[in-house]
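**Student:** Sharing a model prediction with you, sequence too.
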Amino acid sequence: VKNILDYLNGHYNEDLTLDSVADKFHMSKTYVSRILKRYTNQSFLQLLISKRMDSARKMIVEDKYKLYEIAERVGYNDFSYFIQVFKKKYGVTPNEYRKGI
């Protein structure tokens, strides 16, 4: 589990899927999903989104990148989807978050 979490933390900005991670560790996706849920109490997707959103939030605070660049840097090619996910997680859009700090 630690190796999988380390891999997620190092590659969250790539096009990761449960299938690709399972292949990387030579395990079935069902098994990877089950052990992540058991030891972290979160699904693969919840872990991935949390890591991406935490990184995005930190980059917004740094104020070095435009919002669409942040979206790309954390693994979202669809900017509007990034905004949706960010708002669901933090209750405000990335732009509102930036203005509020």
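**Tutor:** On my side now, so go ahead. Residues are numbered from 1 along each chain as shown.

**Student:** So which elements touch the helix or strand bottoming out on mean pLDDT in the chain?
**Tutor:** Here the helix or strand of the chain ranked lowest by mean pLDDT, DSSP states H and E is helix 94-100, holding a mean of 95. Judged by 3 or more Cβ pairs under 8 Å, 6 or more residues apart in numbering; DSSP states H and E, helix 94-100 is in contact with helix 44-62, helix 67-73, helix 79-90. The way it works is simple: take the backbone N, C-alpha and C, and place the C-beta from them, glycine included.

**Student:** what's the distance between stretch 15-28 and the middle of its chain?
**Tutor:** 15 Å (Cα atoms, centre = their mean, to the nearest Å).

**Student:** Then stretch 87-101?
**Tutor:** 16 Å.

**Student:** Can you list the buried residues in it?
**Tutor:** Tyr90, Pro94, Tyr97 (16 or more other Cβ atoms under 10 Å).

**Student:** isn't the second one right up against Glu69?
**Tutor:** Same thing as Pro94. No. In this structure, Pro94 is not within contact of Glu69 by Cβ atoms under 8 Å, at 11.2 Å.

**Student:** As TSV, the helices and strands packed on helix 94-100 with mean pLDDT and distance to His11 would be great.
**Tutor:** Below are these laid out as TSV (pLDDT from 0 to 100; distance: least, Cβ to Cβ, whole Å):
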stretch	mean pLDDT	distance to His11
helix 44-62	97	10
helix 67-73	98	13
helix 79-90	97	18
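
**Student:** Now distance to Thr17 too, for these, in TSV please.
**Tutor:** TSV is the format used below for the helices and strands packed on helix 94-100 (distance: least, Cβ to Cβ, whole Å):
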stretch	distance to Thr17
helix 44-62	9
helix 67-73	18
helix 79-90	15
